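Participant: I would like the atomic coordinates for the input below:
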Amino acid sequence: MLDGRVSDSPYGDLDRPPLHEAALHRALVRDGGLWREVGVVRETGSTNADLAERARDGAPEGTVLVTEVQTAGRGRLGRTWTAPARSALTFSMLLRPEVPVRALGWASLLTGVAVAMAVRRMTAWSEAGEGFLGADAGPAGDAAVDARLKWPNDLLVGDRKLAGILVEKVDAGIVVGVGLNVGLREDELPVPTATSLAIEGAPLSDRAPLLRAILREFSTWYREWTALDGDPETSGLRTAYKELCVTLGRRVRVELPGGEFLPGTATDVDEAGRLVVAGPGGERAISAGDVVHVR
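Facilitator: The predicted model follows:
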């Protein structure tokens, strides 16, 4: 574990419970399972950077690193990401998927599907009127938090961002970072376009059950996807993603690498995970870019 201290916070252990490494390890690490090690650090600059270094030192696939405070988190397009102590679920996963190179782009979208499904499951309400189901929720029940995806992998509730995902290539593998706002209050939001589970009305102050749910959901999708050679069709991944993606059917404005802007309508996510945009010059498949939903 890394040395460090948790930044000052007015909230105590009952409001924002700490994560316990030993308990998470017992719950998630199994013989034959994907997860090999789950570590919790009190504070670090970036879990992605730390795990990338561990990957270079030979850490196995299935290593997970979680932090209570991240001081130099990075998002897509070089954006920074920070949150008060214990207010977010911030972690990275080391993966070495044995799939064709052309399929690797789906790792990012797969993560979005897993996080969205876990959040929806953990915030489900009983259809019988029995209240919040949480970890006991199955596929049935209405989600109190209607988590959806903006291409490629931003988690939204309405038009506000709940979580972000960053995938980075490392030696013979990838590091997947997730930052999910859990307990942030309105006055703690970094920007007004962000949100949190607490703001959306989900009674999930303890992040441990949510982390377990996300990692289990991810493992299910990842093992199916890799077993089928990264095929998004036969694994059901493309269908699941499109059902959750609110970008499809929307008017969009895409800022492409190099500064070009592409206006149009998002019509599909193709077999390579690219966003298909019908613009002035016809349809165009986008593999990278910053998407803005146009009202």
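Participant: Show me the shaky parts of the protein.
Facilitator: For the chain, the stretches flagged by pLDDT under 70 are 1-14, 73-81, 125-142.
Participant: if we go to 80?
Facilitator: Low-confidence regions of the chain, defined by pLDDT under 80, span residues 1-14, 73-82, 125-143, 203-204.
Participant: List the contacts of G249.
Facilitator: 265-267 (Cβ atoms under 8 Å, 6 or more residues apart in numbering). Backbone N, C-alpha and C define where each C-beta goes, glycine included.
Participant: looking at this, it is in a helix?
Facilitator: No: G249 sits outside any helix when classified using DSSP: H, G, I helix; E, B strand; the rest coil, being coil.
Participant: That one and A208, how far apart?
Facilitator: G249 sits 37 Å away from A208, going by Cβ to Cβ, to the nearest Å.
Participant: Next: I214.
Facilitator: Computed as Cβ to Cβ, the I214 to A208 distance reads 11 Å.
Participant: more crowded one of the two?
Facilitator: The residue with more neighbours, out of I214 and A208 and counting by other Cβ atoms under 10 Å, is I214; that gives 26 against 18.
Participant: where does the closest residue to that one other than its chain neighbours land in three-state SS?
Facilitator: Of all residues beyond its chain neighbours, the one nearest I214 is A118 (4.3 Å), with distances taken as Cβ to Cβ, 6 or more residues apart in numbering. Using three-state DSSP, the secondary structure recorded for A118 is helix.
Participant: Surely A118 and E217 touch.
Facilitator: Yes: between A118 and E217 there is a contact at 4.4 Å, judged by Cβ atoms under 8 Å.
Participant: Could you list the buried residues of the longest helix seen in the chain?
Facilitator: Among the elements of type helix in the chain, defined by DSSP state H, the one spanning the most residues is helix 207-227. Of the residues in helix 207-227, those buried under the neighbour-count criterion (16 or more other Cβ atoms under 10 Å) are 207-208, 210-219, 221-222, 225-226.
Participant: Might you report the residue contacts of N181?
Facilitator: Under the criterion of Cβ under 8 Å, 6+ apart, the contact partners of N181 comprise 83, 87-88, 162-163, 189, 194-197.
Participant: Now intersect those residues with the strands, please.
Facilitator: 88, 162-163 (DSSP state E).
Participant: Domains in this structure, by residue range?
Facilitator: Split into domains by automatic domain parsing, the chain comes to 21-241, 247-293.
Participant: What is the burial count for L256?
Facilitator: Under the criterion other Cβ under 10 Å, the count of neighbours that L256 has is 14.
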